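1. Please find the sequence and the predicted model below.
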Protein chains: 4
Amino acid sequence: MSQRSSDVLDRRGQILQSALLCFGKCGFHQTSMHDISESAGISVGLIYRYFKNKEEVIAALAAGHKKAIAELLERAGEAPTLLQAMEILFTSHCTEHPPQILSAFVLDLFAEASRNPRVARVVRDVARAKAEGVVALIARSDELKKNPHRLDPRAIAELIFAVKDGAMMHSVLCPARTPAAQHREQQLEVARTLWRLLFSPISHANGHN
Amino acid sequence: MSQRSSDVLDRRGQILQSALLCFGKCGFHQTSMHDISESAGISVGLIYRYFKNKEEVIAALAAGHKKAIAELLERAGEAPTLLQAMEILFTSHCTEHPPQILSAFVLDLFAEASRNPRVARVVRDVARAKAEGVVALIARSDELKKNPHRLDPRAIAELIFAVKDGAMMHSVLCPARTPAAQHREQQLEVARTLWRLLFSPISHANGHN
Amino acid sequence: MSQRSSDVLDRRGQILQSALLCFGKCGFHQTSMHDISESAGISVGLIYRYFKNKEEVIAALAAGHKKAIAELLERAGEAPTLLQAMEILFTSHCTEHPPQILSAFVLDLFAEASRNPRVARVVRDVARAKAEGVVALIARSDELKKNPHRLDPRAIAELIFAVKDGAMMHSVLCPARTPAAQHREQQLEVARTLWRLLFSPISHANGHN
Amino acid sequence: MSQRSSDVLDRRGQILQSALLCFGKCGFHQTSMHDISESAGISVGLIYRYFKNKEEVIAALAAGHKKAIAELLERAGEAPTLLQAMEILFTSHCTEHPPQILSAFVLDLFAEASRNPRVARVVRDVARAKAEGVVALIARSDELKKNPHRLDPRAIAELIFAVKDGAMMHSVLCPARTPAAQHREQQLEVARTLWRLLFSPISHANGHN
DNA sequence: CATGAATGAGATTTCATTCAT
DNA sequence: AATGAATGAAATCTCATTCAT
């Protein structure tokens, strides 16, 4: 990659990173372009060299989210067990330094999707990818064989990521000071509960209660 | 209740209903006071006779949401079975005429909660009420006895409403034209899948696979 | 006319008058909305209660110009002789207090017409009205009978208002201090020269030179 | 002329040509320096190597206009008859490929002259040159002898170029698609009508009507 | 009680100009 | 000589809020 294009990518990346931070902290429509420029340490006008307008910044972040989810699914796919995969999925948004930033951003993304067709398309793509990714995860997992409910993998996938997103949605309610570790713990708890429900062999032992 | 105060309530109610519509359609921060006044068929100034400012309108709607959830839980508590209760819970947001309005509004409410402490307090209250309500629901249900996983009712409750909110979150992605009935069907599907997972006696029959 | 609507008209009128002044002084695209609001002694935002945007202000002034020309033609039509009618036509823009304001504005209007289809339509309408008005003027004038060149009234009309507009165009070059009376004198000079050319009976006496 | 300075002239010329195009199409103050640089296929910065700022570009084009008019007068002076000279004068702006570009530019130049003293000076010079040029044209023409109105050559000159500029002003109203040939025809029509008025011997024959 | 004209701060966006490379 | 990234002032437009009527 040439110096030039890497510079450009850096600037874009720098702007997007600042925008993500601001958006997460204040929301799309309460964040001003000036906020972003200030957070990035550049002038307002410079943002417009790299993005046609604010909406394009949002769209670019939406695209970034799509890519991030794809990578997440890939990482989850490499986990040895489905439980571990689920743990990866459920805690993906718990690593951010400024807390809940990512969750709040994704919430805004869904809210925006309900109004902005362009964002809607990306978020729908992401939803599809998530569903398919989890279906694939299930298909290749050993746990499936123990699936005691003979549930459709697709239905399981939908359930899993409804739980994941619901838990993420709730996570924005945690006090701002909540450390990332505690966030993780909560999400893991939910993931494990769900997993037990889906696949726990324990259920058999208790079958006759 | 005096004529006067009922009038006042009507006006407030009328404004809040219009505000809910506008907020659902455009989001809190893209809805102007003028939008609300127009939708309510009154003047902008009149809104300020009933609400100190825009934030109070949002706060009042948040309070309204809290009340609505309380009523929902009550209704769910009267259902003969837990499955039916869950069906009521999961489809509560599918009745609105302009589709997804309510889901989008709740999404905005959570997003706002992550930024606005006042809204955060209300939404946290709601979350608590939801959790307790579902715990109570489970406690008084027959299904609990069949709980094959010996799960903590509190964990089950959290799972249930994570699923509920996650599914609602995803529902804003449905094409705007999706009829309410189809929305209901999707939510019911999720509710039933979850219920089967939690309580289905079928799981025993398959226990030895 | 009700108090209300006259108020509204007054505001609109007040804004338009200030805008005309500013536009004449600085040109459409070098006049800021702030300039107009300041000149009108009101806030910027108020302009937007009466005009959707800057273009609408320009369009309204274009419409005003159309009306002004219609009235001018009517006044000219009431003159007893064609010479007097022409004198009225040629000096219409010489009454303004701030000098050349009106000429400069009309120049800007034509320039804008070459770029903005909406303004173009109005200005074309005005051109048509001017041509037809002058044709009518000629038709009902005694001078026509002496028309020594048997020129098409339409060609004469076109010539007359080409001269009128050309002279107005040149008038913006007069030093800013030039008093209105001197402007009038120059325009009258041109009008009379043209008239002599068109209708002077003197031409016969000199015919045999 | 050295290679270097001819290069410089080429660059300047190239920039000015592009600027003329842009200015004609969009107007001085709606054309950005970036528009010009793009149209010239160079970088913005380079324009500033040849011109101090945007105003200097306009001033240079005004000077270019002055030179063009001088050349036009020279060409007109070489015409065998005054009618032909007038035809040359009146159609000078009809040769441009993108239609009306030149007319619109001259309109902008006059409008600018009414605001910008520097441009005003140049445009006044041009006006003087035009007047003197046409006076000279008349002086050396045979038609003068037939001048049936015993008009002052200076008055005739003023009339001629009022008509010329007025007709040019009106020409910007022609639909953008109007072919250059048709533009020419219209201008020639006006020129001929004016000429007949000024010098036509036919007037004598009709003297007794 | 009800209106909506009015304000002015602030948001988005553009653009002439500079300067390091 | 040439580039184009960067700046920041300024322009257009919006909107929460107030207040005279």
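-> Done, it's in.
2. any weak-confidence spans in chain A?
-> In the predicted model, chain A carries pLDDT under 70 at residues A:1-9, A:96, A:143-149, A:200-209.
3. Mark out where each domain of it begins and ends.
-> Structurally, chain A divides into domains by automatic domain parsing as follows: A:1-51, A:54-201.
4. most neighbours per residue, which of those domains?
-> domain A:54-201 (a mean of 19; mean count of other C-beta atoms under 10 Å in any protein chain shown). To be clear about C-beta, it is placed using only N, CA and C from the backbone, and glycine gets the same treatment.
5. and that domain, does that touch DNA strand F?
-> No. Domain A:54-201 does not reach DNA strand F (C-beta under 7 Å from any atom of the strand); its nearest approach is 13.1 Å.
6. Whichever strand or helix holds residue A:126 and DNA strand E, are they touching?
-> Taking DSSP states H and E as the definition, residue A:126 sits inside helix A:117-139. No. Under the criterion of C-beta under 7 Å from any atom of the strand, DNA strand E is not reached by helix A:117-139; the shortest gap measures 13.4 Å.
7. Name the residues that touch that helix?
-> When contacts are defined by C-beta atoms under 8 Å, 6 or more residues apart in numbering or on different chains, helix A:117-139 is touched by residues A:55, A:58-59, A:62-63, A:65-66, A:69-70, A:73, A:76-77, A:82, A:85, A:89, A:109-110, A:112-114, A:144, A:153-154, A:156-158, A:160-161, B:170, B:173.
8. Okay, and which of those residues map to helices?
-> The helices, defined by DSSP state H, take in A:55, A:58-59, A:62-63, A:65-66, A:69-70, A:73, A:76-77, A:82, A:85, A:89, A:109-110, A:112-113, A:144, A:153-154, A:156-158, A:160-161, B:170 from the contacts of helix A:117-139.
9. rewinding a little: now the domains of chain A in JSON lines, please, with extra columns for distance to residue B:93.
-> Shown next, in JSON lines, are the domains of chain A (distance: least, C-beta to C-beta, whole Å):
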{"stretch": "domain A:1-51", "distance to residue B:93": "22"}
{"stretch": "domain A:54-201", "distance to residue B:93": "12"}
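10. Mind checking those domains for the one nearest to residue C:25?
-> domain A:1-51 (29.2 Å; C-beta to C-beta).
11. who touches stretch A:59-67?
-> Residues from elsewhere that reach stretch A:59-67 (C-beta under 8 Å, 6+ apart): A:12, A:16, A:19-20, A:23, A:51, A:105-106, A:109, A:118-119, A:122-123, A:125-126, A:129.
12. Give me the distance between it and the centre of its chain.
-> Per C-alpha atoms, centre = their mean, to the nearest Å, the displacement of stretch A:59-67 from the mean C-alpha position of its chain is 11 Å.
13. got it, and stretch A:119-137?
-> 11 Å.
14. Let me know whether residue A:163 touches residue B:161 as I believe.
-> No. In this structure residue A:163 lies outside contact range of residue B:161 using C-beta atoms under 8 Å: 10.2 Å.
15. tell me which parts of chain A are close to DNA strand E?
-> Contact residues (C-beta under 7 Å from any atom of the strand) of chain A with DNA strand E: A:31, A:32, A:33, A:34, A:44, A:45, A:48, A:52, A:53, A:54, A:55.
16. Give me the subset of those that lies in helices.
-> Cross-referencing those against helices under DSSP H gives A:33, A:34, A:44, A:45, A:48, A:54, A:55.
17. export these to CSV and tack on distance to residue C:196?
-> Output for those, formatted as CSV (distance: C-beta to C-beta, whole Å):
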residue, distance to residue C:196
A:33, 65
A:34, 66
A:44, 63
A:45, 60
A:48, 61
A:54, 65
A:55, 65
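18. want to try a markdown table for the residues you listed, with distance to chain B as columns?
-> Output for those, formatted as a markdown table (distance: C-beta to the nearest C-beta, whole Å):
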| residue | distance to chain B |
| --- | --- |
| A:33 | 15 |
| A:34 | 16 |
| A:44 | 20 |
| A:45 | 24 |
| A:48 | 21 |
| A:54 | 12 |
| A:55 | 12 |
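19. Pick the one among these closest to DNA strand F.
-> Within those, the smallest distance to DNA strand F is 1.9 Å, found for residue A:45 (C-beta to the nearest atom of the strand).
20. I'd like to know how far that closest one sits from residue B:165.
-> Distance of residue A:45 to residue B:165, computed by C-beta to C-beta, to the nearest Å: 41 Å.
21. got the phi/psi numbers for residue A:31?
-> The phi/psi pair for residue A:31 (degrees, to the nearest 10) reads phi -90, psi 130.
22. nope, residue A:172 is what I meant
-> According to degrees, to the nearest 10, residue A:172 has phi -70, psi -10.
23. close enough to count as contact, residue A:89 and residue A:163?
-> No. Taking contacts as C-beta under 8 Å, residue A:89 lies outside contact range of residue A:163: 9.8 Å.
24. shared neighbours, those two?
-> What both residue A:89 and residue A:163 touch, as defined by C-beta under 8 Å, 6+ apart, is the set residue A:191.
25. What sits closest to residue A:189 if chain neighbours are left out?
-> residue B:155 (7.4 Å; C-beta to C-beta, 6 or more residues apart in numbering or on different chains).
26. Which residue does chain A have closest to chain B?
-> residue A:166 (2.9 Å; C-beta to the nearest C-beta).
27. Surely that residue touches residue B:163?
-> Yes. Under the criterion of C-beta under 8 Å, residue A:166 makes contact with residue B:163 at 5.8 Å.
28. Can you check which residues contact both of the two?
-> With contacts defined as C-beta under 8 Å, 6+ apart, no residue is adjacent to both residue A:166 and residue B:163.
29. so what's residue A:31 closest to, chain neighbours aside?
-> Residue A:31 sits nearest to residue A:22 (C-beta to C-beta, 6+ apart), 4.3 Å away.
30. can I assume the one you found is in contact with residue A:36?
-> Yes. Under the criterion of C-beta under 8 Å, residue A:22 is in contact with residue A:36, at a separation of 5.3 Å.
31. mind listing what residue A:190 touches?
-> Taking C-beta under 8 Å, 6+ apart as the test, what residue A:190 contacts is A:90, A:163, A:167, B:158, B:159, B:162.
32. measure the residue in chain A positioned nearest to chain D to residue A:178 for me?
-> Relative to chain D, the nearest point of chain A is residue A:49 (11.3 Å; C-beta to the nearest C-beta). Plainly put, residue A:49 is 38 Å away from residue A:178 if you go by C-beta to C-beta.
33. What of residue A:102?
-> To residue A:178, residue A:102 is 14 Å away according to C-beta to C-beta.
34. Residue A:30 too?
-> When residue A:30 is compared with residue A:178 (using C-beta to C-beta), they lie 22 Å apart.
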